[in-house]
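Q: any chance you can model this:
(one chain, ligands or ions: 1)
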Amino acid sequence: MTTQRFLLKGGKVLGAASSDLLISNGRIEAISKSISDETATVIDLKGSVVLPGLVDLHTHLREPGREDSETVASASRAGAKGGFTALSAMANTSPVADTAGVVEQVYRLGQEAGLVDVFPIGAVTQGLKGEQLSEIGAMADSVARVRVFSDDGNCVFDPLVMRRALEYIKKFDGVIAQHAQEPRLTVGSQMNEGIISSKLGLKGWPAIAEEAIIARDVLLADHVQSRLHICHVTTAGGVEIVRWAKARGIQVTAEVTPHHLLLTDDLASSYDPVFKVNPPLRTEHDVMALREALADGTIDIVATDHAPHTSETKDCEWAEASFGMIGLETALSIVTKTMVESGLLDWAGVAQRMSIAPAAIGRYANHGQELAVGSPAHITVINPTKSWVVDRDLVLSKSRNTPYHGYELPGLVTHTFFGGRATMIDSKVIDKVVQ
Ligand SMILES: [Zn+2]
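A: Residues are numbered from 1 along each chain as shown. I've put the predicted structure just below:
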């Protein structure tokens, strides 16, 4: 099979000095100041930044079961548009991804769509009920080679079940990704507990409900010497606990979503359910603590928690609306706005937190590699000098629940290469040619 050759001219690799990059046979064949190659398709990237393909550790693809809100194929297209070359399919589908059969189905759907690698996440417990461990070993041994396990959407609230899961996954170097939400403290919660929730009369979701579980689980991970990942940290207090745990050498990693780096709970005053999300938007103080933690490495990665919902479940009263917002197509722009433009991260730092580290946590061996000769050609190109306006009617996700409709965002993602194939050129997604 012959694959296309691409010569990327004059892009700034990780934001450093401009160079040329030759892609051939799915790999980076050469990087140097100036390359000429008459057989390659030349792409002018002057002024753009070249990054390793983005890896999302937390994506809701909704298939099987809610294909009306998203499919593996539509999420793959949205991913390519956002500069992603790998997505991690959360297990809260219908049926739940708690068996080898379901994770293999999701994995195959990803391969068929062919725009990104889809790595299924396995449920920790059967049916996400928090009681009996799921077929963790069978999922790990399946063709999907699952290494990340999560009941996301639900918290593994029983400490004994959590302990057993942490012990079990050590056999194959797995990791438990915990959605930290103490259920008894958040019954009926609608938004962050604070001044705004009191004013609006909406039931609050207190920061301590997140922090109590993070604290418990870092201690459990330490006790059984296993790997723990904290999904979507949202509070300044949660950051402090992760910082403490890391200083003690506990094997814990943490993620923050783009929306928690930018948006605050006062947006709920609009009563627009597009801002209803779990965990909820917090305060300005929390947002600043999260940015700082992402910059200093206390929080390891950015993960989207892309959560598509149909208009039937989202365009209704706040109290009835589903939790969640889409985020694949805007993630890199939000990180550019909150972290790069503020001077908190350089482009090498962005590559670390959106590609290298998430791939390392998920043990996705073929992703998150340095842009070096011989590496797989998973590449993302962003033009940081171009801004764009988000239009929910133009998103490639099947759902429209973006909180950024009408926002002008910096940084236009223009090209994505997945295993040497162009999945997006000039901001247009190129679907896999079925042969
Ligand atoms: Zn979650």
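
Q: mind telling me which residue of this protein is nearest the ion?
A: When you check the chain against the ion by C-beta to the ion, the closest residue turns out to be residue 179, at 3.8 Å. For every residue, glycine as well, the C-beta is placed using N, CA and C.

Q: now the residue lying closest to that residue once chain neighbours are set aside: which helix or strand?
A: Of all residues not flanking residue 179 in the chain, residue 152 sits nearest, at 4.5 Å (C-beta to C-beta, 6 or more residues apart in numbering). When secondary structure is defined by DSSP states H and E, residue 152 falls outside every helix and strand.

Q: for the protein, give me the ranges with low pLDDT.
A: Applying pLDDT under 70 to the predicted model, the residue ranges of the chain that meet it are 1-3, 434-435.

Q: what does it have sitting close to the ion?
A: When proximity is defined as C-beta under 5 Å from the ion, the chain approaches the ion at 152, 179.

Q: wait, doesn't residue 23 sit right on residue 5?
A: Yes. Taking C-beta atoms under 8 Å as the contact criterion, residue 23 and residue 5 are neighbours in contact, 6.5 Å apart.

Q: out of the two, which sits in the busier spot?
A: For residue 23 against residue 5, the residue with the higher neighbour count under other C-beta atoms under 10 Å is residue 23, and the figures read 26 against 17.

Q: helix, strand, or coil at the more buried one?
A: Under DSSP: H, G, I helix; E, B strand; the rest coil, the three-state class of residue 23 is strand.

Q: before we move on, back to that, mind listing the shared neighbours of residue 23 and residue 5?
A: Common neighbours of residue 23 and residue 5 (criterion: C-beta atoms under 8 Å, 6 or more residues apart in numbering): 29, 40.

Q: buried residues, stretch 366-380. List them.
A: Within stretch 366-380, the residues that qualify as buried are 367-369, 371, 375-380, counting by 16 or more other C-beta atoms under 10 Å.

Q: what of stretch 241-256?
A: Of the residues in stretch 241-256, those scored as buried under the neighbour-count criterion (16+ other C-beta under 10 Å) are 241-242, 245-246, 250-256.

Q: may I have it as CSV, with CA atoms only?
A: Backbone C-alpha positions of stretch 241-256 (Å, rounded to 0.1, in the frame of the first residue of the first chain) are rendered in CSV as follows:
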residue,chain,number,x,y,z
ILE,A,241,-4.7,17.3,48.0
VAL,A,242,-3.2,16.1,44.7
ARG,A,243,-0.2,18.4,45.4
TRP,A,244,0.2,16.8,48.8
ALA,A,245,-0.2,13.3,47.4
LYS,A,246,2.4,13.8,44.7
ALA,A,247,4.9,15.2,47.2
ARG,A,248,4.5,12.0,49.2
GLY,A,249,5.3,10.0,46.0
ILE,A,250,1.8,8.6,45.7
GLN,A,251,1.0,7.3,42.1
VAL,A,252,-1.7,9.8,41.3
THR,A,253,-2.3,11.9,38.1
ALA,A,254,-5.1,14.4,37.5
GLU,A,255,-6.9,16.1,34.7
VAL,A,256,-8.7,19.4,34.2
